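**Q** Sequence first, then the predicted structure, then my questions.
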Amino acid sequence: MAGRHQLQQKTAAEVNLTPMIDMVFILLIFFIVSTTFVKETGVDVERPEAKTAVTQKNSILISVTEDGEVWIDNRQVDIRSIRAHVERLLAESPESAVVVIADKAAHTGDVVVVMDQARLAGVSHIALAAQPPSR
């Protein structure tokens, strides 16, 4: 009888972890699906401040540095190939707008060329990025 009593205690003390593991996986999947990822252009630029700055979604981001470098999708591109890159990205996501993230010290001519190339690629909505004023 003593052996049977020990066996019952041993089985009663076990905890089934399967439902908890299933719940953790479901939560993990939920958070992965519902998370929005911030797209970056691959280079840090110091954006000018604007009181009317808003966040745009589904955008093709193009950075222009103060040295005149142009970055798209974490790669530096030649200013003459912007149109081809934007056309490729626009084919993947036709409803996208272009957001030009220009450094405060970037030359206006470089920014205008980037915006012109995006317009020639077929983009109808082009925005210039700014950041809200710091408080």
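**A** Sure thing, it's come through.
**Q** Reduced to three states, what does V33 come out as?
**A** Secondary structure for V33, judged by DSSP: H, G, I helix; E, B strand; the rest coil, is helix.
**Q** Against N58, how distant is it?
**A** Distance of V33 to N58, computed by CB to CB, to the nearest Å: 17 Å. Any C-beta I mention is one placed from the backbone N, CA and C, and that applies to glycine too.
**Q** Equivalent analysis for M20, please.
**A** From M20 over to N58 the distance is 37 Å, taken as CB to CB.
**Q** Select the helix or strand of this structure having the lowest average pLDDT value.
**A** The helix or strand of the chain with the lowest confidence, counting by mean pLDDT, DSSP states H and E, is helix 2-12 at a mean of 58.
**Q** What average pLDDT does stretch 33-51 get?
**A** Averaging pLDDT along stretch 33-51 yields 65.
**Q** what ranges do the helices span in the protein?
**A** 2-12, 18-34, 82-92, 108-120 (DSSP state H).
**Q** so what are the domain limits for this protein?
**A** The chain breaks down into these domains under automatic domain parsing: 2-34, 59-128.
**Q** can you give me how far the last one is from the chain middle?
**A** Between the centre of domain 59-128 and the centre of its host chain there is 16 Å, according to CA atoms, centre = their mean, to the nearest Å.
**Q** Now stretch 116-125: buried residues?
**A** Within stretch 116-125, the residues that count as buried by 16 or more other CB atoms under 10 Å are 117-118, 121, 123.
**Q** L28: which of those is nearest?
**A** The shortest approach to L28 among the buried residues of stretch 116-125 belongs to V123, at 36.6 Å (CB to CB).
**Q** I figured that closest one was touching I60, is that so?
**A** Yes - here V123 reaches I60: they are 7.4 Å apart, a contact under CB atoms under 8 Å.
**Q** which residues are common contacts for those two?
**A** Shared contacts of V123 and I60 (CB atoms under 8 Å, 6 or more residues apart in numbering): 86, 90, 96-98.
**Q** Kindly give a single PyMOL line that selects the buried subset of the residues you listed.
**A** Applying 16+ other CB under 10 Å to those, the buried members can be selected in PyMOL as follows:
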select buried, resi 86+90+96+97+98
